[in-house]
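A.B. asks: I would like to see how this sequence folds:
(chains A and B)
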Amino acid sequence: MKRFLLPLAIFVGLLAFLAVGLRLNPREIPSPFIGKPAPSFKLAQLHEADKTISPQDLAGQVWILNVWASWCVSCRAEHPVLMDFARANLVPVVGLNYKDGRDDGIKWLREFGNPYVVSAFDNDGRVGIDYGVYGVPETFVVDKKGVIRMKYTGPLTREAVAEKLMPLIKELKSA
Amino acid sequence: MLALAAAAAQAKEAPPAVADPELEKRVMTLSEELRCLVCQNQTLADSHAELAVDLKNQVREKLAAGMSDKDVIDYMVERYGDFVLYRPPVKGTTWVLWFGPFLLLGGGIAMLLVKLAKRRGAEDAVPDTDLRRAASLLEGKNDTKEQA
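C.D. replies: The predicted structure follows:
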């Protein structure tokens, strides 16, 4: 019996590693931005091309940056969640319209509703690269000092909003 | 993927900054070192995903602007983290990754050697009684064991 103990122990160890590995999401890449200042940008607004928007405009408050596009299918899945979140009026939600056509973006918002206080128009995706965007939608939580505190990759779900976003926002707002 | 395929149909690709073969070679060499974040098992050089094309253009631009290879790598790591490196860096958190396999291999070889040594020892160790019996048989005496 004793000679089987060691192989069995090794097998169980391997099993544990594989079980953990199966549960990891390879799409969730740890963001190097957490705890760092939100990259600065100055972009034209989606609706009013002659006006600009920059993270500095939102300094002093907690805000959300949501990267979206009209061509992004998952954004459509996320949209109702984002609409409800915006209706709660907790913090301003700023959109980053990523590699989209101006008309397409505006039309998409007219059709599905506009959860954003303002959307920045990132036509060539350069600001997206500065924010390390690799899959739309992505959501960033920025604190009062302009530091990124959380990044959520992929469509926001109601659970994610309730369990991850809300507690953090409450904490940051009271800070 | 679907979203990106749709994106590819829409967004236009930035034209290459210069038609400089020397620069192009550096772009390709660097792209081999960087991971495409959309198709994660491809390098930037291999991938034709929209983001990979953008990032390659970014690499080309930075190199053309006089940044060194290391500067460009740092620029990418700053935005996408160590994950963007196709070969993970050797540092505290990646020691197990880099050296774990060698440790396992070494452990395996050590175990095998110990086992083999034990087995050989077992074959060599002939009990004294058997040796004496063999010696007495060679001398032409009757087998003591049979009698006993």
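
A.B. asks: Centre-most residue in chain B?
C.D. replies: Most central in chain B under CA atoms, centre = their mean is residue B:98, positioned 7.3 Å from the mean C-alpha point.

A.B. asks: typo on my end, it should be chain A
C.D. replies: Centroid-nearest residue in chain A: residue A:139, 1.2 Å away (criterion: CA atoms, centre = their mean).

A.B. asks: Hmm, the residue nearest to the centre of chain B is touching residue B:91, no?
C.D. replies: No - using CB atoms under 8 Å, residue B:98 makes no contact with residue B:91, being 9.2 Å away. No exception for glycine: its C-beta is placed from N, CA and C like everyone else's.

A.B. asks: Buried residues in the strand or helix carrying residue A:169, which are they?
C.D. replies: In this structure, residue A:169 sits in helix A:166-174 according to DSSP states H and E. Across helix A:166-174, burial judged by 16 or more other CB atoms under 10 Å in any protein chain shown covers A:169, A:172.

A.B. asks: which outside residues touch that helix?
C.D. replies: Residues outside helix A:166-174 that contact it (CB atoms under 8 Å, 6 or more residues apart in numbering or on different chains) are A:62, A:90-91, A:141, A:143-144, A:149-150.

A.B. asks: got it, and stretch B:87-101?
C.D. replies: The contact list for stretch B:87-101, computed with CB under 8 Å, 6+ apart, reads B:33, B:82.

A.B. asks: what do you get for stretch A:52-66?
C.D. replies: A:38-45, A:82, A:91-96, A:115-116, A:118-120, A:131, A:137-144, A:146, A:165, A:169, A:172-173.

A.B. asks: Could you work out the end-to-end span of it for me?
C.D. replies: 17 Å (CA to CA, to the nearest Å).

A.B. asks: what is the mean pLDDT for that stretch?
C.D. replies: Per-residue pLDDT over stretch A:52-66 has a mean of 92.

A.B. asks: That one: how far from the chain's middle?
C.D. replies: Counting by CA atoms, centre = their mean, to the nearest Å, stretch A:52-66 is centred 14 Å from the centre of its parent chain.

A.B. asks: Check which helix or strand whichever residue of chain B sits closest to chain A maps to.
C.D. replies: For chain B and chain A, the shortest gap (CB to the nearest CB) falls at residue B:37, measuring 3.6 Å. Using DSSP H and E, residue B:37 maps to neither a helix nor a strand.

A.B. asks: Do I have it right that it meets residue B:80?
C.D. replies: Yes - the criterion here is CB under 8 Å, and residue B:37 meets it with residue B:80 at 6.0 Å.

A.B. asks: more crowded one of these two?
C.D. replies: Neighbour comparison, residue B:37 and residue B:80: the larger count goes to residue B:37, with 25 against 22 (by other CB atoms under 10 Å in any protein chain shown).

A.B. asks: In terms of helices and strands, where is the residue nearest to residue A:93 when sequence neighbours are not counted?
C.D. replies: Distances taken as CB to CB, 6 or more residues apart in numbering or on different chains put residue A:64 closest to residue A:93, at 4.6 Å, once the chain neighbours are dropped. Taking DSSP H and E as the definition, one finds residue A:64 inside strand A:63-68.

A.B. asks: between that strand and helix A:166-174, how many degrees?
C.D. replies: If you take axes from the mean of the first three to the mean of the last three CA atoms, to 10 degrees, strand A:63-68 sits at 140 degrees to helix A:166-174.

A.B. asks: buried stuff in strand A:63-68?
C.D. replies: Going by neighbour count (16+ other CB under 10 Å), the buried part of strand A:63-68 is A:63-68.

A.B. asks: where along chain B do the helices fall?
C.D. replies: Here chain B has its helices, by DSSP state H, at B:2-10, B:21-33, B:50-64, B:69-80, B:95-124, B:128-138, B:144-147.

A.B. asks: Any idea which residue of chain A lies closest to chain B?
C.D. replies: Here chain A gets closest to chain B at one residue, residue A:134, 3.6 Å apart by CB to the nearest CB.

A.B. asks: got a list of what that residue touches?
C.D. replies: Residue A:134 sits next to A:29, A:153, B:37-38, B:51, B:80 when contact means CB under 8 Å, 6+ apart.

A.B. asks: Torsion angles phi and psi at it?
C.D. replies: phi -130, psi -10 (degrees, to the nearest 10).

A.B. asks: For it, give its distance to residue B:80.
C.D. replies: For residue A:134, the distance to residue B:80 equals 7 Å [CB to CB, to the nearest Å].

A.B. asks: Pull up the overlap in contacts between these two.
C.D. replies: Shared contacts of residue A:134 and residue B:80, defined by CB under 8 Å, 6+ apart, comprise A:29, B:37.
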